[in-house]
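Q: Build me a model from this:
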Amino acid sequence: MPVRSISPSNPPNKLEVPSLNPKRSAPRHVGLKAKAPAPRDSLGLVGERRSMAALTGAPRADHIGGSVTLGARQVHKLVKRADFDKMAAAGTGAGAAGMPEVKFLLDRQTGQLHFLPKEIPYHYQYARDVLGLNMPVEAFNRIAYLDPNRRFVAGTLTAYDNYVAQDGKKGTFGMSFWSTDLVRGPLLVETHKAVQKGLAFLDQKVVYRPGGQTQETLLEKDGGRDRKTLKAAGVPVLTNAELSKGFDFTALNPGEGFGTLRIIKGAGPGDPPPTRRDVVIYADEIPADVPPLGGMATPKPQTYLSHGALKARQDDTPYAYARDILNDPKVKALEGKLVKLEVTSKGYEIRAATKAEADAYFEKMRPKKDQKLHSDLKPKEPKSLDQLTFKDAKAYGSKAANVAELLKLYKSGALNVSGPGEPKVFAPDGFGIPASWYDTYMKTAKYDADTTLEQRIDELKAMPEFKNDPRKRAELLEDFRDHIEDAAMPPELQKKMDALQRQFKAKFPGENMRIRSSSNSEDLQGFSGAGLFDSYTFRFEDENRPDRKLSDRFQRVFASVFNDRAFAEFDYYRVDPHTVDMAELVMPNSDGEIANGVVRWGGAIPGWDTMTVNAQVGESLVTNPEGGATPDSIVMGNYGFNGEAEIQYEQTSNQTLPPGRKHVLTDGELKALFKAMKVVQEHFKKLYGKENDPTFSIECEFKIEKDGRLLIKQARPWVY
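A: Next up, the predicted model:
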């Protein structure tokens, strides 16, 4: 890895926002103990450390597995697989995240191959502190990465233990390089020969894994000269996407959990939607808005940095890709029963569980005290988004307030980042609807002649069957939602909605209205609430049709506060449902988009500007995929030696692409998204008081509109 310097970070600030999570573990790496990531070039810190005091003395050429242990200063050969494992750290980048990997440095001047101990994360640090190379980092980068006749070759070896080749043989080792390193065919062959010799225990060919678009393009340059060179030398090649298709198991988030085992097939969230008290096997695809669960698994290939995997680590949900899980006799026998799921780097274990041990587990994980959310109910009127600010979140919800901040960035010109061949980036306009509308409706509208909707909540909470019988609870919640949707709208609220309809029509002539949830229990730090509530479209052509009026659409959004999945989360986190208020974000509806997706800033190689993207063709397929639909899974970072962005595909979509596209998103669209996300990340870091917190990350939803523009339509803090 090339070395660049950054300053050490200060501890994060604290914010007065509802924190609904119980104690959350640090991000975990598959099969390896996680530790705090080093900065990309902590040279100031490295200089203050002991310079490998235990390894001082004259350089020696020793082999692990021989007479010298792992503490030897130099290691040139790995005799046994156990030797590799002792030196291995957890990978972080595309195509290797969570996999055991060992860095190597080939000295072409001496012909010596060096395996780096995991305690030394940088090739330069090894060359300086172990080989005694006395030169600044810039000089080392020239002779290790940039010069055509470089002295050193810096690379990484990754163990892909769960890769299954077409001949059925399991396991392979991949040789890779920094993704923008211009490694050509002859040098690859020379390095491959040295690496193959250094892995003395290996009885198969090491594969070359190009790190991303730069190296994949080099293979085909000059009529495919480098690919032909590798083939002639017997060096196999597998891209990130090809590797991901060959895995039969990946521990996407190790851990254990309890719940009723459910198998959900086809599109959609499941009926009823699953909760934290379910262990779910998604037979087809994982929705991007999958709720927190007791555990989950899928037989469909998933990557470690896919949105589903990141979401599972966010929610502390044990998660595994297991190709043959639906053929597991235990799974078939335990469907519909209470189970314990345990995911480790070596596989998964599922067994029957008792109610007592499941209850004890949930009580341990849940908050100890009841929690109340807070809203500002004083504002009574809608506000145009250009009048809202981040500080209005308590009255209009974090979703509306954050979109208002996106609009502010757009109108200020901060999102004018696009270069030639890149789309224009913009943010939505619209209105924020105050939480007081929902509060008024629930306290005024009637469940029956003697009971308001608000009072009905207390009646439900007092029913033993509501507390203790999941099926009965689902029936009662469905009945309550029906009453919320069908109750007579209070006249004062109806007048406000009629006025809103006129305002919207005047501001956005010819557009329909998208009414999105913006409750006080979503898009928060510590609790995202993603996927809990519903949004609806009001079309002006339907304004006189029964059950299609604007008020009907608002009532359906109100009712979604009591969705099964939402209420299950409130119950799990001991949130008083009386304190949940549903504000709304009203914006022009968008039809016919070319692509849509979810993007998160960060999450790949710590210390570098990176983003992870899941993108799908057309409308709504990322958040509610059709059965069998696979999105593009992309990692992008400023890995170029001059800060250029590099595109890395971990998975490619299996859907029909629009004409002229090789992928769901063009390179120009990805580059514009990358630059815009950096602006968005920095803006929200300041708003949340997280300027010095390296773990803060913003997540956005985006679309490529039918006119080709890039719409960033939502922003929320990523929850760890």
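Q: ok, what's across the strand from the closest residue to F84 other than its chain neighbours?
A: Excluding the flanking residues, the one nearest F84 by C-beta to C-beta, 6 or more residues apart in numbering is L78, at 5.0 Å. For glycine as for every other residue, the C-beta is placed from the backbone atoms N, C-alpha and C. Note on L78: beta-bridge partners by DSSP bridges are I64, L199.
Q: Okay, now the unreliable bits of the stretch 401-550 of the chain?
A: By pLDDT under 70, the low-scoring segments of the stretch 401-550 of the chain are 523-530.
Q: Quick one: the helices in the stretch 51-200 of the chain, in order.
A: Under the criterion DSSP state H, counting those that start in this stretch, the stretch 51-200 of the chain contains helices at 81-87, 123-129, 137-141, 185-198.
Q: Could you give me the buried positions within the first one?
A: Across helix 81-87, burial judged by 16 or more other C-beta atoms under 10 Å covers D83, F84, K86, M87.
Q: Which one of those is nearest to L219?
A: Nearest to L219, judged by C-beta to C-beta, of the buried residues of helix 81-87 is F84 at 26.7 Å.
Q: does the closest one really touch V102, like I thought?
A: Yes: contact criterion C-beta atoms under 8 Å: F84 and V102 qualify, at 6.0 Å.
Q: So which of the buried residues of helix 81-87 is the closest to A427?
A: When the buried residues of helix 81-87 are compared for distance to A427 (C-beta to C-beta), M87 comes out closest, at 47.2 Å.
Q: do you know how far that closest one is from E682?
A: According to C-beta to C-beta, to the nearest Å, M87 and E682 sit 37 Å apart.
Q: Name the single longest strand found in the chain.
A: Assignment by DSSP state E gives strand 152-164 as the longest strand of the chain.
Q: send the alpha carbons of it over as PDB?
A: C-alpha atoms of strand 152-164 as PDB (Å, rounded to 0.1, in the frame of the first residue of the first chain):
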ATOM      1  CA  PHE A 152      10.700  -3.300  -5.500                       C
ATOM      2  CA  VAL A 153       7.300  -4.900  -6.200                       C
ATOM      3  CA  ALA A 154       4.800  -4.400  -3.400                       C
ATOM      4  CA  GLY A 155       1.800  -6.700  -3.300                       C
ATOM      5  CA  THR A 156      -0.600  -8.700  -1.200                       C
ATOM      6  CA  LEU A 157      -1.500 -12.400  -1.000                       C
ATOM      7  CA  THR A 158      -5.100 -13.300  -0.100                       C
ATOM      8  CA  ALA A 159      -6.500 -16.700   0.900                       C
ATOM      9  CA  TYR A 160      -9.800 -17.300  -0.800                       C
ATOM     10  CA  ASP A 161     -10.700 -20.400   1.200                       C
ATOM     11  CA  ASN A 162     -14.300 -20.500   0.200                       C
ATOM     12  CA  TYR A 163     -13.800 -20.100  -3.600                       C
ATOM     13  CA  VAL A 164     -14.800 -23.100  -5.600                       C
END
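Q: tell me how far it is from the chain's mean position?
A: Strand 152-164 sits 24 Å away from the centroid of its parent chain (C-alpha atoms, centre = their mean, to the nearest Å).
Q: Now do the helices in the stretch 551-700 of the chain.
A: Under DSSP H, counting those that start in this stretch, the stretch 551-700 of the chain gives helices at 564-572, 667-687.
Q: Give me the below-cutoff pLDDT ranges for the stretch 51-200 of the chain.
A: 51-72.
Q: among the helices of the stretch 51-200 of the chain, which is the most enclosed?
A: Compared across the helices of the stretch 51-200 of the chain, helix 123-129 shows the largest average neighbour count, a mean of 24 (mean count of other C-beta atoms under 10 Å).
Q: Please state the offset of that one from the chain centre?
A: A distance of 33 Å separates the centroid of the chain from that of helix 123-129, by C-alpha atoms, centre = their mean.
Q: and it, what does it pack onto?
A: For helix 123-129, the packing partners by 3 or more C-beta pairs under 8 Å, 6 or more residues apart in numbering; DSSP states H and E come out as strand 100-107, helix 137-141, strand 152-164.
Q: In the longest one, which residues are buried?
A: When burial is assessed from 16+ other C-beta under 10 Å, strand 152-164 yields the following buried residues: 152-164.
Q: just stretch 651-665 next, same as before
A: Of the residues in stretch 651-665, Q651, T652, S653, Q655, H663, V664, L665 count as buried by neighbour count, 16+ other C-beta under 10 Å.
Q: What distance do you get for the closest residue in space to the fourth one that isn't next to it in sequence to T630?
A: If I follow you right, that is Q655. Spatial nearest neighbour of Q655, excluding adjacent residues (C-beta to C-beta, 6+ apart): V617 at 4.6 Å. Distance of V617 to T630, computed by C-beta to C-beta: 10 Å.
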